[in-house]
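Asks: model this:
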Amino acid sequence: MAGFGSDKENMDIAIIGAGIGGAATAVALQQAGFDADVFEQASQLREVGGGIVFREPSRALFARWGILDDLRPKLAAVNVMEIRDRSGSVLNVAPAATEPGETHCAHRADVHNALISKLSPARLHLGHRLVSVENGFDFAEATFENGRRIRAQLIVGADGLRSIVRTLLDATPMTFLKQVTNRTIAPASLLPADIPNDRIRIWQDGMRRLISLPIRNRTEITLNFAFGAEEPPDKMWYSMSAGALLPFYTDFEPVVTRLLEGRIAPITSHALHDKEPITQWADRHIVLLGDAAHPMSPMNGQGANQAIQDAGALAGALSGRYPDDLTSALEDYQSVRAPATARIQMLSRKPPPSLVREAPAEK
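Replies: Numbers count the residues shown, from 1 in each chain. A predicted model of the protein is given here:
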């Protein structure tokens, strides 16, 4: 087709982005017998962020892909969510999840590392920042900042919140949720005996919130400090010092500041965004996945899980049909995943019901 020259490398499937969604897609496709190359903008892999609630459907996929046993020692089972006010009084205790099956917590980096460990190094291309993508009749084409250009029968846009691939299908902006979240890790030994590291725990005071998750067999805690902001920061991801964050929480229960002061990891900060559900996930030789397809608030702990489930669904839709019936395969993938993620996007805009019912109103 016009526009593709001999200087472009030919590939079957190219995945843009090696975060949890992109890495899960590569593993799922590999398990299904497909050749897929992954292109990541970072020069070295470093999954930022904190803990995630690792839900039963994700665990089932990891088991199918043969990597759950590698991750299991770093999981922490949780049964309940405990809501506290800023002084530490327990307001409510509710189930950790409404869906059936076990719920665990994990650090994003441990989930990511388990996925990356199953990929062939020759298929993982670091230092490839996407500049542009074009969709043609026979191939899609990607151009990277380093000058490399590829064409593939299928390009999977797993390139996150600010997806370049998504702009081919949807140009509507994301919505700033007027919250900034700040994540770090602390040792569980900092908790007093009467606050065991065995549950999801939320300290809540209006827009100020601390969410703690047990990880790594309950030896550590991921901490997610959130507060309100009228305008988003200039950068999507940035660093914050403990000295800048502490003043927001000095009137909270003393253990909160103790955890922050005793952290064992840097504080990574970012503004929270989501997006109205988009109506088109695929066109000819491109398809979206994860945050590129459905940016959502982390309020209900579903972002990474939905990306993992996208990966399993895409590999399942392509199996036995790619490349001869690519259009129908992508239509089936969208028909399964778009309604499910749209519902969760909308639900994730609101706090869990247990938090809304029992937490005091902001003064």
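Asks: which phi and psi does Ala342 have?
Replies: Per-residue torsions, Ala342: phi -60, psi -40 (degrees, to the nearest 10).
Asks: show me the helices in the stretch 51-200 of the chain, by range?
Replies: Secondary structure of the stretch 51-200 of the chain (DSSP state H, counting those that start in this stretch): helices located at 56-64, 68-71, 108-116.
Asks: what do you get for the stretch 251-363 of the chain?
Replies: Along the stretch 251-363 of the chain, counting by DSSP H, counting those that start in this stretch, helices occupy 254-261, 303-318, 326-347, 353-358.
Asks: a markdown table for the helices of the stretch 51-200 of the chain, including mean pLDDT and mean neighbour count?
Replies: Every residue, glycine included, has its C-beta placed from N, CA and C. Below are the helices of the stretch 51-200 of the chain laid out as a markdown table (pLDDT from 0 to 100; neighbours: other CB atoms under 10 Å):
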| stretch | mean pLDDT | mean neighbour count |
| --- | --- | --- |
| helix 56-64 | 94 | 18 |
| helix 68-71 | 94 | 15 |
| helix 108-116 | 94 | 22 |
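Asks: so for Asp234, which of those helices sits nearest?
Replies: Using CB to CB as the measure, helix 108-116 is the one of the helices of the stretch 51-200 of the chain that comes nearest Asp234, at 23.7 Å.
Asks: returning to that earlier point: winner for burial among the helices of the stretch 251-363 of the chain?
Replies: Highest mean neighbour count of the helices of the stretch 251-363 of the chain: helix 303-318, a mean of 25 (counted as mean count of other CB atoms under 10 Å).
Asks: ok so, going back, Serialize the helices of the stretch 251-363 of the chain to JSON lines and add fields for distance to Asp274 and mean pLDDT.
Replies: As requested, those are exported to JSON lines (distance: least, CB to CB, whole Å; pLDDT from 0 to 100):
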{"stretch": "helix 254-261", "distance to Asp274": "27", "mean pLDDT": "95"}
{"stretch": "helix 303-318", "distance to Asp274": "10", "mean pLDDT": "95"}
{"stretch": "helix 326-347", "distance to Asp274": "6", "mean pLDDT": "93"}
{"stretch": "helix 353-358", "distance to Asp274": "18", "mean pLDDT": "46"}
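Asks: ok, which of those comes nearest Arg149?
Replies: Ranked by CB to CB, the member of these that lies closest to Arg149 is helix 326-347, at 21.4 Å.
Asks: show me what the closest one is packed against.
Replies: Here helix 326-347 is seen to pack against strand 282-283, strand 286-288, helix 303-318 when contacts are counted using 3 or more CB pairs under 8 Å, 6 or more residues apart in numbering; DSSP states H and E.
Asks: which residues touch Arg64?
Replies: With CB atoms under 8 Å, 6 or more residues apart in numbering as the criterion, the residues that contact Arg64 are Gln31, Gly312.
Asks: on that earlier part again, can I get the helices of the stretch 251-363 of the chain in JSON lines with distance to Ala23?
Replies: Conversion of those to JSON lines gives the following (distance: least, CB to CB, whole Å):
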{"stretch": "helix 254-261", "distance to Ala23": "30"}
{"stretch": "helix 303-318", "distance to Ala23": "8"}
{"stretch": "helix 326-347", "distance to Ala23": "18"}
{"stretch": "helix 353-358", "distance to Ala23": "31"}
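Asks: can you redo the helices and strands packed on helix 326-347 as JSON lines with distance to Asn79?
Replies: Shown next, in JSON lines, are the helices and strands packed on helix 326-347 (distance: least, CB to CB, whole Å):
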{"stretch": "strand 282-283", "distance to Asn79": "38"}
{"stretch": "strand 286-288", "distance to Asn79": "34"}
{"stretch": "helix 303-318", "distance to Asn79": "18"}
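Asks: and Arg208, which of these is closest to it?
Replies: helix 303-318 (21.6 Å).
Asks: next, the angle helix 108-116 makes with the closest one.
Replies: Computed with axes from the mean of the first three to the mean of the last three CA atoms, to 10 degrees, the direction of helix 303-318 lies at 20 degrees from that of helix 108-116.
Asks: let's see helix 303-318 as CSV, backbone CA atoms only.
Replies: Provided in CSV are the C-alpha atoms of helix 303-318 (Å, rounded to 0.1, in the frame of the first residue of the first chain):
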residue,chain,number,x,y,z
GLY,A,303,-7.5,-0.4,36.4
ALA,A,304,-4.8,-3.0,36.2
ASN,A,305,-7.3,-5.9,36.5
GLN,A,306,-9.2,-4.7,33.5
ALA,A,307,-6.1,-4.3,31.5
ILE,A,308,-5.1,-7.9,32.3
GLN,A,309,-8.6,-9.1,31.4
ASP,A,310,-8.4,-7.1,28.1
ALA,A,311,-5.3,-9.0,27.3
GLY,A,312,-6.9,-12.4,27.9
ALA,A,313,-9.9,-11.4,25.8
LEU,A,314,-7.9,-10.1,22.9
ALA,A,315,-5.8,-13.3,22.7
GLY,A,316,-8.9,-15.4,22.9
ALA,A,317,-10.6,-13.4,20.1
LEU,A,318,-7.6,-13.7,17.8
